[in-house]
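Asks: With the input below, show me the fold.
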Amino acid sequence: MCGITGYVNLGTGPTPGLDISAAVKSLAHRGPDDTGALEITGRDGRVVGRFGHRRLSIIDLSALGRQPMSYEAGRYTVSYNGETYNFPELKRELAARGFSFGTRSDTEVVLAAYAGFGETFLEKLDAMYALALWDRDAEKLILARDPFGKKPLYWAVANGTLFFASELKSLRMLLPGTPELDPESLKLYLYLGYVPAPRTIYRGVMKLPPGSYLIADKNGTEVKPHFPLAETFCGQEYPPAFPEAAEHLDTLLADAVRKRLISDVPLGIFLSGGIDSSTIASYAASLASEEVTTFSIGFREREFDELPWAKRVARALGLRHFHETLDASAMLGIIPRIPEVLDEPIADASILPTYLLSRLTAGRVKVALGGDGADELFLGYPTYFAHILMDPFAHKSESLNARISALGALLPQRFGNYDLGYKVVKFARGLNRNRVKRHFDWMDYLARDQVREVAGLSGEVEGFFGHLEEELARGDLKGPNILDTLYLNQRYYLTESILTKVDRASMAHSLEVRCPFLDRRVVGYVNSLPLGFKLRHGLGKYILKRIMKDRIPRGVLFRKKQGFTVPLARWLNRELSGLVDRCLLDEAFLARQGLFEPEPLKDLVMRHRTKRENLWRPLWALVFFQMWYMKWVEER
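Replies: Below is the predicted model of the structure:
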């Protein structure tokens, strides 16, 4: 993987003579192997911008793979952060059409694909990527992200110049002024735990949505889709029988893993001991030409430790396994580092173990395969079945909601992250909601009423639901089934939270992570299958479990989903109590900041500290935002 940054003057005025070296250097963790910068010119030879690049060398380690890279005597130039898994096949297709190649790099194939197919070249790529491509003769800039946005790309226009970068820290160095925090984006973050594209935490700075590309020229900018995710849910006119579907999916998954094993550098597997990563490890073990290396971390707190399961899988598959057992101090010690890693706030606390796993893995390999995406494809979350149970009660009274919530409050509070009382209260919240609002309310960090109390009224959170309803209607995903929640998890939670977390945690250690479950053909096929192939008898991942039943230990197939979590509910009352005080109870800081109401914040803290209510999710979202604010707003 790599880091990209740069700018292009879209107007006729003078091009700013920016030195982009600092912006490029800020991305060194994304590409420690090489650095490059290149002037971009128009048809008349006038300099109109600069592209910068940091390289993590994975394919074609020679100097011929350096970037930014040009093609056809400089007509096309690209700064490419990605891996193109089908580049050998695509290269052969382009060569048959007369295109020539001087490197083994997949980047050159991407340039030739644009030269050969124009804007439709993105539909040819089986890849994860974020790219900036300049067409000199057309004087046109293209920015693009892969179908699930595995790689980030931010952009902004100021004074007729478009600026772009892989990370906000780099983009901020290019912009003529300091971007201002967007209070409406803050409220979306408090509710969702992330800021959904195309918004960012800053006013006037945009995040290119997944599966889309931007065209920028003298006429302005336009964002278009190249991967319509909603269309993959249309279903097949004549669905296959279950055995045929399982056989075909088995073939697709094997091919997806095979392509992602191609690397000119050492490669390994993230292994948690759950079905998702164990599936990837099983395919890799059968396909790899060399011994497969796997990596896991464990915790001394047994309720959060999956290491025994990972070891069991590694032994069963004959894998070379590396692991590390950590105590609370290891994760607590990296918390101050996380705002630097997440230069746009994300409330997903599993960034902590993901960061530590990436650090362990990067000590031995440069590429890792992971199991991300399986829960969203195969209905792995318990909320899918809960939606089916809840739909008949979608418009029941608030009084029923209150009675069930009161019951949840009476249940014993162990102050684990997701104890029974916590789940009952969350479940009750969906009683009088439609499925879209229920879906996000079940996954929220601060409830909508808490957002209003803490940060003031927000039309943007409610407007977000209006946007979603329109989005679902356009994709024909409104109906009695739960396709809408599948789509929403894939488009929002997977892209904006999970994949962003994995990208930042892994790239902080210069580690590339590949996701075979998110292969375009796998996604298209699984989404088209009947829901009953994926969710049966209240259990998700049915078809995946059937495929893997004789390949990985049976206990792994049917163990309760655990997740990559940390004991924040307890830490916020003990080890992190001082941090909570500084972030949420310091009245002088809150007054200077001017974003939050002090009394509702104090109430949340006290209710959690006295164990009246388990409020670790809203408290962590608030604490992490404040840490981010201190690093990126106050420190500037």
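
Asks: Run a quick neighbour tally on the closest residue to residue 381 other than its chain neighbours.
Replies: Using Cβ to Cβ, 6 or more residues apart in numbering and skipping the chain neighbours, the partner closest in space to residue 381 is residue 375 (5.6 Å). Any C-beta I mention is one placed from the backbone N, CA and C, and that applies to glycine too. The local packing of residue 375 (other Cβ atoms under 10 Å) involves 23 other residues.

Asks: I'd guess residue 375 is in a helix, am I close?
Replies: Yes - counting by DSSP: H, G, I helix; E, B strand; the rest coil, residue 375 is part of a helix.

Asks: Report the contact partners of it.
Replies: 276, 381, 489, 540, 561 (Cβ atoms under 8 Å, 6 or more residues apart in numbering).

Asks: could you list every residue that touches the first one?
Replies: In other words, residue 276. So residue 276 contacts 371-372, 374-375, 380, 517 (Cβ under 8 Å, 6+ apart).

Asks: Now pLDDT and distance to residue 456 too, for these, in TSV please.
Replies: As requested, those are exported to TSV (pLDDT from 0 to 100; distance: Cβ to Cβ, whole Å):
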residue	pLDDT	distance to residue 456
371	96	40
372	96	35
374	97	39
375	96	34
380	93	36
517	98	40
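
Asks: Take the contacts of residue 375 and, keeping just the buried ones, write it as a ChimeraX select command.
Replies: This is how ChimeraX selects the buried members of these, with burial counted by 16 or more other Cβ atoms under 10 Å:
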select :276,381,489,540
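
Asks: following the strand or helix carrying residue 109, which helix or strand comes up?
Replies: Using DSSP states H and E, residue 109 sits in helix 106-117. Counting by DSSP H and E, the next helix or strand C-terminal to helix 106-117 is strand 127-135.

Asks: Contacts for that following strand next, please.
Replies: Against strand 127-135 from outside (Cβ under 8 Å, 6+ apart): 4, 6, 8, 40, 49, 51, 75-86, 106, 110-111, 114, 140-146, 148, 150-153, 164, 166, 208, 514-515, 518.

Asks: Of those residues, keep whichever come out buried.
Replies: Buried, going by 16+ other Cβ under 10 Å: 4, 6, 8, 40, 49, 51, 76-86, 106, 110-111, 114, 140-146, 148, 150-153, 164, 166, 208, 514-515, 518, out of the contacts of strand 127-135.

Asks: give the contact list for the closest residue to residue 354 other than its chain neighbours.
Replies: Computed as Cβ to Cβ, 6+ apart, the closest residue to residue 354 that is not its neighbour in sequence is residue 505, at 4.1 Å. Contacts for residue 505 (Cβ under 8 Å, 6+ apart) come out as 341, 351, 354-355, 357-358.

Asks: Could you list every helix and strand in contact with the helix or strand harbouring residue 91?
Replies: In the assignment (DSSP H and E), residue 91 maps to helix 87-96. In terms of contacts (3 or more Cβ pairs under 8 Å, 6 or more residues apart in numbering; DSSP states H and E), helix 87-96 is packed against helix 106-117.

Asks: now the helix it packs on against strand 127-135, angle please.
Replies: 60 degrees (axes from the mean of the first three to the mean of the last three Cα atoms, to 10 degrees).

Asks: Could you list the residues in contact with helix 106-117?
Replies: By Cβ under 8 Å, 6+ apart, helix 106-117 touches 59-60, 65, 67, 69-72, 75-76, 78, 80, 82-84, 87, 90-91, 94, 97, 99, 101-102, 121, 123-125, 127, 129, 131, 133, 135, 142.

Asks: what about it, average pLDDT?
Replies: Helix 106-117 carries an average pLDDT of 96.

Asks: what's the angle from it to helix 87-96?
Replies: Using the same axes, to 10 degrees, helix 106-117 lies at 40 degrees relative to helix 87-96.

Asks: ok now helix 106-117, how far from the chain's centre?
Replies: On the basis of Cα atoms, centre = their mean, to the nearest Å, helix 106-117 sits 26 Å off its chain's mean C-alpha point.

Asks: going forward, begin numbering at 133 instead of 1
Replies: Yep, numbering from 133; the last one is helix 238-249 now.

Asks: Alpha carbons of that helix, as PDB, please.
Replies: The C-alpha trace of helix 238-249 is given here as PDB (Å, rounded to 0.1, in the frame of the first residue of the first chain):
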ATOM      1  CA  ASP A 238       0.200  -3.300 -11.500                       C
ATOM      2  CA  THR A 239       0.200   0.500 -11.500                       C
ATOM      3  CA  GLU A 240       1.300   0.500 -15.200                       C
ATOM      4  CA  VAL A 241      -1.600  -1.800 -16.000                       C
ATOM      5  CA  VAL A 242      -4.000   0.700 -14.300                       C
ATOM      6  CA  LEU A 243      -2.700   3.500 -16.500                       C
ATOM      7  CA  ALA A 244      -3.000   1.400 -19.600                       C
ATOM      8  CA  ALA A 245      -6.500   0.400 -18.700                       C
ATOM      9  CA  TYR A 246      -7.500   4.100 -18.500                       C
ATOM     10  CA  ALA A 247      -5.800   4.700 -21.900                       C
ATOM     11  CA  GLY A 248      -7.800   1.800 -23.300                       C
ATOM     12  CA  PHE A 249     -11.200   2.000 -21.700                       C
END
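
Asks: Residue 441: what's it in contact with?
Replies: Residue 441 neighbours (Cβ under 8 Å, 6+ apart): 404-406, 687-688, 691.

Asks: now residue 440
Replies: Contacts of residue 440 (Cβ under 8 Å, 6+ apart): 405, 430.

Asks: next one: the one 4 residues further on
Replies: Contact partners of residue 444, counting by Cβ under 8 Å, 6+ apart, are 405, 685, 687-688.
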